[in-house]
Structures are given as C-alpha cells and as structure tokens.
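J.: can't give you the sequence, but here's the structure:
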C-alpha cells in the first residue's frame, strides 16, 4: 500500500495562479520529500522538510508539514507553463529513510 | 557526474522471454532502489540495496523477479519469464545515505512492454 497519498489527483490552472497540492501519510516519519516528474522522465527532488520543521521555502515553492495530522502541502506560487508535471510526496514508513511514494498530483498550467 | 544511467530506455519483448534491466548509480552513492511505475499502482518500491547488499526486497512481486548488485557501480533487475502484466516503467534511483536525511536521484527509466 502507498505510504503517502496526494490530493487532488489532477489540477488544472492558468499561468500566474498558485497551485496547492496535499499529501497525507500513515506512519511516523523522519522527513517528507516532494519530487517532480515531467512526462517520460525520471523523478527530480524538489524539497525536503524534516519532521521537526513546520514550513520550508525554496524559490517559488512553499512546503508545510503538520505531523499531528500526518499531512503536508506543496504550494507553487505564480505558476508557469513549465511547471506542468506530476508531483509526488515521499516519506519513509515508520521512520525509515527508504522513500515510499504516493500516486502523485498531475498539474497542468495553461499559458 | 552523468547521473543515474539506465539501459535500455525502451524494451519490447514477447511473453515468456527473459528481460534484464541495467542501472549505473551515481558514483559514491551507497544506496540503490528499483521502483516500478504503472497507472494502476503508481510508483512501487521493488528492492533496496545498501552498500551492495539487498536490505528490503519485500516489494518484489514474485519469484520471476530478481535483482543483483555485484558492485557499487552496477545493478540489474531481471524478469524471467516475463508476462504482459509486467509492462511498466522501471526506475532505478541512488542516494548517499549517512544516517540522516537524503534525497534520491532517479534515472530516466526503462519502459518495458511485454506482448
């Protein structure tokens, strides 16, 4: 079974709008990571947030983590057509450091 | 570094044939993962190696699947005999694990089609 599950499954927005994706997980974690996958390519690491952190920023990306709710969100601000991709969260089950992925959110940004 | 290198990029084979997928991890990385991605099941972890030793192979679907890592710079995933339901994109990823947070670096994947 998946450790993390992203929501929504698909998201379609206009360029310039913000995109928010959510991730829920089941067990305790050491960290939570977000990855991006362009069509036909491998996954690329975006950002890592540790279990003792609540928010982290990287460029136009903002990640929050709520360990009490076992959930995280990824916000992409001022989206661009080039942000079109699938986004995955990854955690380690039960505190493991082996990344286990959800099914991803497919983001389409219309120019 | 060229990143994680997988070969072949595409493989089409007939049911019953043996298939071998190859992976060269990033030099210096001590952890290697094989994942399988399908629309139905998403991205599934098949097996995890640390320092060339298989640590967790609970995700390997059945005995038809086997993986080896003879040295730090090479790993294979073999399917024998292959079946149509094995059709998927197979990813290899590597990371440097030093007891703390680490990110995984993915190859471009091998798209396997079993007809």
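T.: Sure, I can see it. Remember, predicted model here, so these are calculated numbers, not experimental data.
J.: when you work out contacts or count neighbours from here on, use the C-alpha atoms and nothing else.
T.: Fine.
J.: how about the residues of chain A by chain B?
T.: Within reach of chain B by Cα under 8 Å from any Cα of the partner chain, chain A has these residues: A:30-31, A:33, A:40-45, A:48, A:97-104.
J.: so the helix or strand containing residue B:44, near chain A or not?
T.: Assessed by DSSP states H and E, residue B:44 sits inside strand B:42-50. Yes: residues of strand B:42-50 are located near chain A by Cα under 8 Å from any Cα, namely B:42-45, B:48.
J.: among the residues of chain A next to chain B, which lie within strands?
T.: A:31, A:33, A:43-45, A:48, A:100-101 (DSSP state E).
J.: who wins for neighbours among those residues?
T.: When these are compared by neighbour count (other Cα atoms under 10 Å in any protein chain shown), residue A:101 ends up highest, at 26 neighbours.
J.: chain neighbours aside, what residue packs nearest to that one?
T.: Spatial nearest neighbour of residue A:101, excluding adjacent residues (Cα to Cα, 6 or more residues apart in numbering or on different chains): residue A:90 at 4.5 Å.
J.: what's the local residue count around that neighbour?
T.: Residue A:90 is flanked by 28 other residues according to other Cα under 10 Å.
J.: what helices or strands is the helix or strand hosting it leaning on?
T.: Assigned by DSSP H and E, residue A:90 falls within strand A:85-91. Helices and strands touching strand A:85-91, by 3 or more Cα pairs under 8 Å, 6 or more residues apart in numbering or on different chains; DSSP states H and E, are strand A:4-7, strand A:31-37, strand A:100-101, strand A:105-110.
J.: what helix or strand is the residue nearest the centre of chain B located in?
T.: Nearest to the mean C-alpha position of chain B, counting by Cα atoms, centre = their mean, stands residue B:34 at 3.0 Å. Element membership for residue B:34, per DSSP H and E: strand B:31-38.
J.: tell me the strands beside that strand, with direction?
T.: Strand pairing for strand B:31-38, using DSSP bridges, gives strand B:42-50 (antiparallel), strand B:88-95 (antiparallel).
J.: list the beta-bridge partners for residue A:22.
T.: Beta-bridge pairing for residue A:22 (DSSP bridges): residue A:7, residue A:73.
J.: quick one, what contacts it?
T.: Residue A:22 is in contact with A:6-8, A:71-74, counting by Cα atoms under 8 Å, 6 or more residues apart in numbering or on different chains.
J.: same thing with residue A:54?
T.: Contacts of residue A:54 by Cα under 8 Å, 6+ apart are A:64-66.
J.: residue B:12 too?
T.: If a contact means Cα under 8 Å, 6+ apart, then residue B:12 has B:112-115 as its contacts.
J.: narrow these to those that are buried.
T.: Among the contacts of residue B:12, those buried by neighbour count (16 or more other Cα atoms under 10 Å in any protein chain shown) are B:112-114.
J.: just those residues now: which is nearest chain A?
T.: Comparing the buried ones among the contacts of residue B:12 against chain A with Cα to the nearest Cα picks out residue B:112 as the nearest, at 12.8 Å.
J.: what residues does chain B have near chain A?
T.: Near chain A, when you scan chain B using Cα under 8 Å from any Cα, you find B:41-45, B:48, B:91, B:100-109.
J.: just to revisit the earlier point, go through the strand holding residue B:44 and flag the buried ones.
T.: In strand B:42-50, counting by 16+ other Cα under 10 Å, buried: B:43-50.
J.: no more questions from me, cheers.
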